[in-house]
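[1] Fold the following for me, if possible:
(chains A and B)
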Amino acid sequence: MVISGPNLNLLGTRKVSIYGEGSLEDIHEGLRKRAAELGVEVECFQFNSEGAIIDKLQEATGKYAGVIINAGALAHYSYALRSAIGSMLVPCVEVFISNVHAREEFRHKSVIAPVCVGVIGGFGKKSYILALEALVNLGNP
Amino acid sequence: MPGKRVAVIHGPNLNLLGRREIGIYGGKTMEQINEEVRREAEKLHVEVEFFQSNSEGGLVDYIHSCLGRVDGIVINAGAYTHYSVALRDAISGVKIPTVEVHISNIYKREPFRHVSLIAPVCVGQVCGFGSHSYVLGLRALMEERIEPWLP
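    Okay, here's the model as predicted:
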């Protein structure tokens, strides 16, 4: 399960200098391609609403092998999202397109990072691909 | 970045990997991790060199030595991550695209490990995936557009 949070539906049209060109659909397409190479399936979702993300995450356990999440701005303050991820019985990887540490101070802290397996950020759209590779590799330590 | 050269740098105490706090850092030795990275580098057609030092100054000297010689850096700066301004200045000074990696998820650990002084001058960060963090860090460097994502 791949989830992108608020405003990521605007990728390619908004702050291109930070988030790069290309749409969220391009990212999803790239993920599907890499997933096929790795022998796994991905389903991609985007929600602007915090509650909708929580609803989706609650479906993850038992139905998906892992979750990749770019929570967007919610990463920095949504304790509800943190609780939802913490309640899952499947591993979650947090991704960011930009290097959040090079940006505004309020973006330096992620409240969901401690309940994720790990974090990948700063590599543009490739952050998602690397997260997929990370999740798949969790099976072969 | 095929055909290019990447330096993989290990900071303090990472020479003890496989013997120290295995619950956090896993059972692989630094040499085993280097071997995994070497195999990945072969697939990606890049050359890698490895360096480990327990000394902050040793790491700074080595980063300086990369100038004009190395096209990208993967660094696990260990505990220096969280307080070494000198290391940060070395990375920003040489302007070589650098990826920060950690074996553990530093955000799950003590609060003093939640801040990385080098993160703002790196391209990005990979943490929490054990030895695979290094492999992902190397793969991240292969991104065609290597440049910091600034505000």
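[2] Chain A contacts on chain B?
    Chain B has residues B:26, B:99, B:105, B:107-108, B:114-116, B:119-130, B:132-133, B:135-136, B:139-140, B:143, B:145, B:148-151 near chain A, with proximity defined as Cβ under 8 Å from any Cβ of the partner chain. For glycine as for every other residue, the C-beta is placed from the backbone atoms N, C-alpha and C.
[3] In helices only, show me those.
    B:132-133, B:135-136, B:139-140 (DSSP state H).
[4] buried stuff in the lowest-mean-pLDDT helix or strand in chain A?
    Sorted by mean pLDDT, DSSP states H and E, the helices and strands of chain A end with helix A:16-19, the least confident at a mean of 72. Neighbour-count burial for helix A:16-19, counted by 16 or more other Cβ atoms under 10 Å in any protein chain shown, picks out residue A:19.
[5] outside of the helix or strand that it is followed by, which residues touch it?
    Downstream of helix A:16-19, the next assigned helix or strand under DSSP states H and E is helix A:24-38. Helix A:24-38 is contacted from outside by A:2, A:4, A:8-9, A:11-12, A:41-42, A:44, A:46, A:125, A:128-129, A:132-133, A:136, using Cβ atoms under 8 Å, 6 or more residues apart in numbering or on different chains.
[6] List the buried residues of helix A:24-38.
    Those would be A:24, A:27-28, A:30-31, A:34-35, for helix A:24-38 by 16+ other Cβ under 10 Å.
[7] Chain B: which of the residues you listed is nearest?
    Relative to chain B, the closest of those is residue A:34; by Cβ to the nearest Cβ it sits at 11.2 Å.
[8] Residue B:109 is in contact with residue B:82, correct?
    No: counting by Cβ atoms under 8 Å, residue B:109 is not a contact partner of residue B:82; they are 10.4 Å apart.
[9] When the two are compared, which one has more neighbours?
    residue B:82 (16 against 13; other Cβ atoms under 10 Å in any protein chain shown).
[10] Great, nothing more from me.
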